[in-house]
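Trainee: For reference, the sequence and a predicted model appear below.
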Amino acid sequence: MYFVASDHGAIELRGAIVSFLQARGIEVLPLGPAEGESADYPDFGEKVARAVSSGEAEKGILLCGTGIGMSIVANKFPGVRAALITDDFTAQMSKEHNNANIIVMGGRVLTETEACAMVKTWLDTEFEGGRHQRRLDKISAIEEALKSGEL
Ligand code: RB5
């Protein structure tokens with residue numbers, strides 16, 4: 001199950017991405033305000049990041065006006081690797097090098113066509129592993145050290 005959430009800055013984009021994922025046969029839980037409503041991005045960023053962190057959600061997509069606020073929130077959660085992507089190259093790298101389990105985009109930055117193409121790239125790209133896994137392991141070690149009070 002993929003969780004997809006937005007604030008009011010990306011409601012239309014959220015709809016386009018949910019339809020795009022469903023057309024690929026992916027089960028989706030959409031979250032966020034209805035058209036015309038306002039919402040604070042930490043409220044929905046937390047729901048998705050918590051679900052990815054616990055394993056309840058396989059992956060997540062977060063959307064706000066710029067993508068910045070949602071990225072800041074999502075990366076507070078252990079095990080979350082949320083990547084703010086801005087084009088097809090960063091979409092590819094977010095999976096190939098960072099194995100991002102959440103991608104974040106800006107509804108006031110990208111067109112629906114651009115964003116859906118980036119989602120496709122992220123879905124179709126494989127994590128490269130190797131030296132990139134070593135780097136992700138270092139991030140996990142930092143999380144562990146922060147949790148134990150060692151850092
Ligand atoms: C809301 O106006 C806007 O601040 C939000 O969507 C996002 O861009 C925050 O980073």
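Mentor: Looks like it arrived, so ask away. Numbers count the residues shown, from 1 in each chain.

Trainee: Is there proximity between stretch 77-95 and the ligand?
Mentor: No: residues of stretch 77-95 are not located near the ligand by Cβ under 6 Å from any ligand atom, the shortest gap being 9.9 Å. C-betas here are computed from N, CA, C, even on glycine.

Trainee: other SSEs contacting the lengthiest helix in the chain?
Mentor: Taking DSSP state H as the criterion, the chain has its longest helix at helix 131-148. Judged by 3 or more Cβ pairs under 8 Å, 6 or more residues apart in numbering; DSSP states H and E, helix 131-148 is in contact with no other helix or strand.

Trainee: Which residues outside it are in contact with it?
Mentor: The contact list for helix 131-148, computed with Cβ atoms under 8 Å, 6 or more residues apart in numbering, reads 78-79, 81, 96-99, 127, 150-151.

Trainee: Please repeat the previous calculation with a cut-off of 6 Å.
Mentor: Residues outside helix 131-148 that contact it (Cβ atoms under 6 Å, 6 or more residues apart in numbering): 78, 97, 151.

Trainee: From the chain's centroid, how far away is stretch 29-44?
Mentor: In terms of Cα atoms, centre = their mean, to the nearest Å, the gap separating the centre of stretch 29-44 from the centre of its chain is 15 Å.

Trainee: tell me how far the ends of that stretch are from each other?
Mentor: 12 Å (Cα to Cα, to the nearest Å).

Trainee: Which residues does that stretch contact?
Mentor: With contacts defined as Cβ under 6 Å, 6+ apart, stretch 29-44 is touched by 1, 3-8, 11, 14, 18, 47, 64, 69-70, 73.

Trainee: Narrow the residues you listed to just the buried residues.
Mentor: Neighbour-count burial (16 or more other Cβ atoms under 10 Å) applied to these gives 3-8, 11, 14, 18, 47, 64, 69-70, 73.

Trainee: what's the distance between residue 36 and residue 107?
Mentor: Taking Cβ to Cβ, to the nearest Å as the measure, residue 36 falls 15 Å from residue 107.

Trainee: Who has more neighbours out of the two?
Mentor: Just comparing residue 36 and residue 107: by other Cβ atoms under 10 Å the higher neighbour count belongs to residue 107, 24 against 7.

Trainee: from memory the more buried one sits against residue 14, does it?
Mentor: No: using Cβ atoms under 6 Å, residue 107 is not in contact with residue 14; the gap is 7.7 Å.

Trainee: Noted, bye for now.
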